[in-house]
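Novice: Give me the fold of what follows.
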Amino acid sequence: MSANNQLIVIFIGVLFLALAFVSMKYLLARDSWIRYGNQAQEQILNYPTTDALNNASIIATTVIEFPDGNALWNQPKLLQNYVDVISKKTGRDVVVIDVNGVILADTVSDNVGQKWAQDKEGEVMLTIMDRKPRSFGLMQVVLPVIDDSGKTFGAVVLSSDSTL
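Specialist: Next up, the predicted model:
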């Protein structure tokens, strides 16, 4: 074999080794990104956070207990104003729903008076019935609105993160 042929064989061998090395690095990096993507998706699916539940609880308590004597719940215009302010300050979608599933106040005020129909599994009505907080969709929580005597008035739906 001539010197030129040997150099060509060595050169081709080096190219194959380099290609194998780059391919291996690519596959390892790809696997790492796939694992990262799966972990990120898992975090999204396990959302909402405790903060969203706590915030929804504060909203639910406020609409049924404030102000003393004539709660926001009983004052549609003030209830809507409250939801508007909370939505603007937090960047979250807030919906207040009565026991019949009718929207009393909403970040999207055109929805007021309509029947709630955005939870595929009926999480809002289940929460109203059994008083258990739930999460649904990718980023929403629902909590019951209950007064001090234990009467259930409806529910508050809150997006878990800024969506506006």
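Novice: how much distance is there from the helix or strand bottoming out on mean pLDDT in the chain to the middle of the chain?
Specialist: Within the chain, no helix or strand scores below helix 3-45, which has a mean of 76 by mean pLDDT, DSSP states H and E. A distance of 36 Å separates the centroid of the chain from that of helix 3-45, by CA atoms, centre = their mean, to the nearest Å.
Novice: helices and strands around the helix or strand following that helix, which ones?
Specialist: Going down the chain from helix 3-45, the next helix or strand is helix 50-65, by DSSP states H and E. Under the contact criterion of 3 or more CB pairs under 8 Å, 6 or more residues apart in numbering; DSSP states H and E, helix 50-65 touches helix 76-90, strand 94-98, strand 140-146, strand 152-159. Every residue, glycine included, has its C-beta placed from N, CA and C.
Novice: again, only this time at 6 Å
Specialist: The contact analysis (3 or more CB pairs under 6 Å, 6 or more residues apart in numbering; DSSP states H and E) places helix 50-65 against strand 140-146, strand 152-159.
Novice: Next, report how far that helix is displaced from the centre of its chain.
Specialist: The answer for helix 50-65 is 16 Å, by CA atoms, centre = their mean.
Novice: and what of stretch 136-147?
Specialist: Taking mean C-alpha positions (CA atoms, centre = their mean), stretch 136-147 and its chain are 11 Å apart.
Novice: Geometric centre of this structure: which residue is closest?
Specialist: Ranked by distance to the mean C-alpha position of the chain (CA atoms, centre = their mean), the top residue is residue 139 at 1.1 Å.
Novice: Please report how far that one lies from residue 157.
Specialist: 11 Å (CB to CB, to the nearest Å).
Novice: Then residue 135?
Specialist: 10 Å.
Novice: do the same with residue 150
Specialist: On the measure of CB to CB, residue 150 and residue 157 end up 21 Å apart.
Novice: quick one, which of the two is more surrounded?
Specialist: residue 157 (28 against 7; other CB atoms under 10 Å).
Novice: what's across from the residue nearest to the more buried one when sequence neighbours are not counted in the sheet?
Specialist: In space, residue 157 comes closest to residue 95 once its chain neighbours are excluded; the distance is 4.2 Å by CB to CB, 6 or more residues apart in numbering. On the basis of DSSP bridges, residue 95 is bridged to residue 106, residue 157.
Novice: Residue 71: neighbouring residues, count only.
Specialist: Neighbours around residue 71, by other CB under 10 Å: 18.
Novice: And the one 5 residues further on, by the same measure?
Specialist: Other residues near residue 76 number 14, with proximity taken as other CB under 10 Å.
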